[in-house]
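Trainee: A structural model of the following input is requested.
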Amino acid sequence: MLDDGDPRTVNRMLERAAHLSHAGIRLLDRNEKATWKPWSEIRERALRVGAGLRRLGIREGERVALVFPTSWEFFDAFFGTLLAGAVPVPLYPPVRLGRLGEYHRRTARMLERVGAAVVLADRRLRRLLGETIHRARPPHGCRLPSALPPGELVPATVSPDDLALVQFSSGTTMDPKPVALTHRAVMAQTVLLNRLWPDRPGLRHSGVSWLPLYHDMGLIGCIFPALERPGPLTLLPPEAFAARPALWLRVISRYRATLSSAPNFAYGLCVKKIRDQELDGVDLSCWRLAVNGAEVVVPEVLRAFQQRFAPWGLRREALTPVYGLSEAALAVTFSDRHRPFTSRRFDRGELAAGRVREAPEGVELVSAGRPLPGFKVRIADPGGRRLGPDEVGQILVKGPSLMTGYLDQPERTAEVLGRGGWLVTGDLGLISADQLYLVGRIKDLLILRGRNHAPEEVERAVDAVEGVRTGCAVAVSWLPEEADGEVLLVLVEVRREIPPAEGPAIAERCARAVLAATGLIPERVVPLLPGSLPRTSSGKLRRREALRQYLAGELAAPAPVSPRQLAGAMARSAAAWARWSWERR
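Mentor: Presented below is the predicted three-dimensional model:
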């Protein structure tokens, strides 16, 4: 690892790693064919791209947008941009051809917000970016790294306080914001992560990741620690994992990886999709740290994953829930890495009122652990007043890897960093026994009958309904015309093989599941075609945008649920709710 006296820059980190032949990246394609490159070769390739950017006229400090799949060209472009003294801005590639219009609008706004001087992309994606480039008009257009002008490069001298990258926040509640991170910030995060899993005699850590490289969990959480350690890292394309989740576990076993991270949905997908015969010869006893973050961690998913893969050697203590966000470079809290995850049940009504009280039949929340060294976490009311351990409020964070702000957006920056250096995260949570529990997003809250409810609880309820796609449900509250209060709307994508005529039955089953789990009655449950719900670049569902598209009639339903059918389903749910309420008296 880097000594304390070394410059805290990614450029220096790459230079040091290039002197070690045993460290590098292994890249698998969809057919599981592996290619290996040491950091020395990765740096040499990047120097050629950096030289090309200089010859093109890119100046130090200018922003270079990168649109690549998981590939060697991503590393050429990312590190080449840094070596040229410019600032890389990784963006997500178009993945759903049926929604290119939305992609062009959204990505063009991102390019405009960062003032991108040029876009680098691979040959296939460049053909799809025409409309995006036409809208944003970056001065140097869209280029292939291999087609940049040839030349020699003397690497730029960068300081720890220069920008290392700009990454866009997920934008689940609004348009994504450009998070500006310095070399000092990303290096602080990188060193903190590596200190969590130090090498020791007989145990040399290595990683496996399928996470997209434009996402902080994939780039800062996987690539940078492997570079700083330095140690071997195996990557596979995200689309390969999505098509065959068993590939992830097979690769961990094959290369005896000790570290691998994923959002909660990925663990649930493995439970549902992987067959025993796909795990022939797999041994997961090497997996020491299975980080679960980037979205709400569901206790049922953790337990199911533990039980499902214990026969293949999965350790109970491997599953490690965490909390973090883009504005902090990545991680803020980590649960205990040497013990199984912990959870507690809290009274649902008390949480809705902003108070904390444990209840045996309450909602179960997973501990996200304690702050990383150098970080502080507190719970505050909307005015910033610090709350006690028996209160729910917004999560504030202070630490060494916070962003400098949203790029060229001083007003937005002041809104979230204007409280004495505390970052206002926009998340709701509570602290109990010195551990953080995440309750939900402030702007995604369901406000029903004057009380606040977490949408995740509703979405988890319908996730288990037969015919609903895993992780493809959205719960929002809204105020229809002439209504006397906000009502609950649930949008669910149905599985591809479900016939359209099944829509009403699925809607009713979802309403009953929500009622049983939360006591809430959806005003409407709308079945949708697969892929209809809008998502962020990191794959998170965008609830407010889904509501906007629903109200505008832009979402695709397999078959409309008639008002009569819906009324019948809601009436049956209301009757069930009445019985449920009476039984609880």
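
Trainee: would you agree residue 512 falls within a strand?
Mentor: No: per DSSP: H, G, I helix; E, B strand; the rest coil, residue 512 lies outside any strand segment and is helix.

Trainee: that one: neighbouring residues, count only.
Mentor: For residue 512, the neighbour count with other C-beta atoms under 10 Å is 21. Every C-beta, even on glycine, is put in place using the N, C-alpha and C of the backbone.

Trainee: for the one 10 residues further on, same thing?
Mentor: Applying other C-beta under 10 Å, we find 26 residues neighbouring residue 522.

Trainee: same deal with residue 361?
Mentor: Neighbour tally, residue 361, other C-beta under 10 Å: 9.

Trainee: so is it in a helix, a strand, or just coil?
Mentor: Under three-state DSSP, residue 361 comes out as coil.

Trainee: quick one: pLDDT of residue 564?
Mentor: On the pLDDT scale, residue 564 is placed at 51.

Trainee: sorry, wrong one. I was asking about residue 7.
Mentor: For residue 7, pLDDT reads 50.

Trainee: for the stretch 151-300 of the chain, what spans make up the strands?
Mentor: 163-168, 178-182, 207-209, 233-235, 259-262, 289-292 (DSSP state E, counting those that start in this stretch).

Trainee: which one of these lies nearest to residue 123?
Mentor: With C-beta to C-beta, the closest approach to residue 123 among the strands of the stretch 151-300 of the chain belongs to strand 233-235: 20.1 Å.

Trainee: got the buried residues for the closest one?
Mentor: Buried positions in strand 233-235, judged by neighbour count with 16 or more other C-beta atoms under 10 Å: 233, 234, 235.

Trainee: residue contacts, the closest residue to the first one other than its chain neighbours?
Mentor: Yep, that's residue 233 we're talking about. Leaving aside its chain neighbours, residue 233 sits nearest to residue 226 (3.8 Å; criterion: C-beta to C-beta, 6 or more residues apart in numbering). Contacts for residue 226 (C-beta atoms under 8 Å, 6 or more residues apart in numbering) come out as 23, 25, 207, 232, 233.

Trainee: leaving out the residues flanking it, which one is nearest to the first one?
Mentor: When the adjacent residues along the chain are set aside, residue 23 lies closest to residue 230, with 3.7 Å between them (C-beta to C-beta, 6+ apart).

Trainee: from residue 39, how far off is the residue nearest to residue 233?
Mentor: 9 Å (C-beta to C-beta, to the nearest Å).

Trainee: common neighbours of these two, please.
Mentor: Here residue 226 and residue 39 have 23, 25 as joint contacts, going by C-beta under 8 Å, 6+ apart.

Trainee: returning to that earlier point: can you lay out the strands of the stretch 151-300 of the chain as a markdown table showing mean pLDDT?
Mentor: Formatted as a markdown table, these follow (pLDDT from 0 to 100):
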| stretch | mean pLDDT |
| --- | --- |
| strand 163-168 | 95 |
| strand 178-182 | 96 |
| strand 207-209 | 95 |
| strand 233-235 | 96 |
| strand 259-262 | 94 |
| strand 289-292 | 94 |
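
Trainee: closest one to residue 549 among those strands?
Mentor: Between residue 549 and those, the shortest separation by C-beta to C-beta is 20.4 Å, and it involves strand 163-168.

Trainee: test my guess that residue 498 contacts residue 507.
Mentor: No: counting by C-beta atoms under 8 Å, residue 498 stays clear of residue 507, with 11.9 Å between them.

Trainee: quickly find the element holding the residue lying closest to residue 365 once chain neighbours are set aside.
Mentor: Nearest residue to residue 365, sequence neighbours excluded (C-beta to C-beta, 6+ apart): residue 437, at 4.4 Å. Here residue 437 is covered by strand 435-441, with elements defined by DSSP states H and E.

Trainee: count of neighbours near the closest residue to residue 208 other than its chain neighbours?
Mentor: In this structure, residue 208 finds its nearest non-sequential neighbour in residue 257, 4.1 Å apart by C-beta to C-beta, 6+ apart. Applying other C-beta under 10 Å, we find 22 residues neighbouring residue 257.

Trainee: against residue 161, how distant is residue 257?
Mentor: Per C-beta to C-beta, residue 257 is found 34 Å from residue 161.

Trainee: next: residue 358.
Mentor: 45 Å.

Trainee: cool, and residue 52?
Mentor: Using C-beta to C-beta, residue 52 is found at 27 Å from residue 161.

Trainee: that older thread, now tabulate the buried residues of strand 233-235 in CSV and tack on distance to residue 468.
Mentor: Putting the buried residues of strand 233-235 into CSV (distance: C-beta to C-beta, whole Å) gives the following:
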residue, distance to residue 468
233, 35
234, 33
235, 31
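
Trainee: which of the residues you listed sits closest to residue 8?
Mentor: Nearest to residue 8 among the buried residues of strand 233-235 is residue 233, at 20.9 Å by C-beta to C-beta.

Trainee: you'd agree that closest one is up against residue 27?
Mentor: No: using C-beta under 8 Å, residue 233 is not in contact with residue 27, being 9.5 Å away.

Trainee: and the chain, what are its domains?
Mentor: For the chain, the structural domains run 10-197, 244-442, 446-584, going by automatic domain parsing.

Trainee: mind checking those domains for the one nearest to residue 220?
Mentor: Nearest of these to residue 220, taken as C-beta to C-beta: domain 244-442 at 4.7 Å.

Trainee: off-centre distance for that closest one?
Mentor: Put simply, domain 244-442 sits 11 Å off its chain's centre (C-alpha atoms, centre = their mean, to the nearest Å).

Trainee: picking that back up, residue 498 and residue 507: who's more crowded?
Mentor: Neighbour comparison, residue 498 and residue 507: the larger count goes to residue 507, with 25 against 21 (by other C-beta under 10 Å).

Trainee: can you tell me the helix or strand for the more buried one?
Mentor: Using DSSP H and E, residue 507 sits within helix 503-518.

Trainee: so for that helix, what's the average pLDDT?
Mentor: Helix 503-518 comes out at a mean pLDDT of 88.

Trainee: still on that earlier bit, of the domains of the chain, which shows the lowest average pLDDT?
Mentor: Note on these: lowest mean pLDDT is at domain 446-584, with a mean of 75.

Trainee: hmm, back to that, and the strands of the stretch 151-300 of the chain as CSV, adding distance to residue 364?
Mentor: Formatted as CSV, the strands of the stretch 151-300 of the chain follow (distance: least, C-beta to C-beta, whole Å):
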stretch, distance to residue 364
strand 163-168, 32
strand 178-182, 31
strand 207-209, 29
strand 233-235, 34
strand 259-262, 21
strand 289-292, 15
